[in-house]
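1. Fold the following and give me the result.
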Amino acid sequence: MDIKVIVLTSIMDDSTREKVLAKPVIDYIPKDTRACVDFIVPLLRRLEKTGITRYWLLTTP
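-> Sure thing, here's the model as predicted:
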């Protein structure tokens with residue numbers, strides 16, 4: 001089973017970002033403003049259009 005991962009996080013230091021992006025994730029999205037929601041919805045729509053319907057949206061504090 002191939003499940004894609006999107007990370008939504010408030011931890012935005014360079015070290016954490018590098019560690020996350022070294023893994024097989026689709027994207028690393030900072031949740032520093034409400035604008036992150038404006039980014040996530042089109043991303044999920046693009047995934048659906050390309051046939052990717054299995055994903056985890058992981059959030060951190």
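
2. which non-adjacent residue is nearest residue 56?
-> Setting aside the residues directly before and after it, residue 56 is nearest to residue 5 in space (CB to CB, 6 or more residues apart in numbering), at 5.0 Å. Just so you know, the C-beta spots here come from the backbone N, C-alpha and C atoms, and that holds for glycine as well.

3. tell me which element residue 40 falls in.
-> Using DSSP states H and E, residue 40 sits within helix 35-49.

4. Output the contacting helices and strands for that helix.
-> Here helix 35-49 touches strand 4-9, strand 27-30, strand 55-59, going by 3 or more CB pairs under 8 Å, 6 or more residues apart in numbering; DSSP states H and E.

5. Tell me who's in contact with the residue nearest to residue 56.
-> Neighbour list for residue 5: 23, 24, 25, 26, 55, 56, 58 [criterion: CB atoms under 8 Å, 6 or more residues apart in numbering].

6. State the distance from residue 30 to residue 43.
-> Using CB to CB, to the nearest Å, residue 30 is found at 14 Å from residue 43.

7. swap in residue 52?
-> Relative to residue 43, and taking CB to CB, residue 52 is found at 10 Å.

8. ditto for residue 61
-> Going from residue 61 to residue 43 by CB to CB gives 21 Å.

9. Those two: which has the busier surroundings?
-> Shown here are residue 61 and residue 43; by other CB atoms under 10 Å, residue 43 has more neighbours (15 against 6).

10. The more buried one and residue 2: what is the separation?
-> Residue 43 sits at a distance of 17 Å from residue 2 (criterion: CB to CB).

11. Nice, that's everything, thank you.
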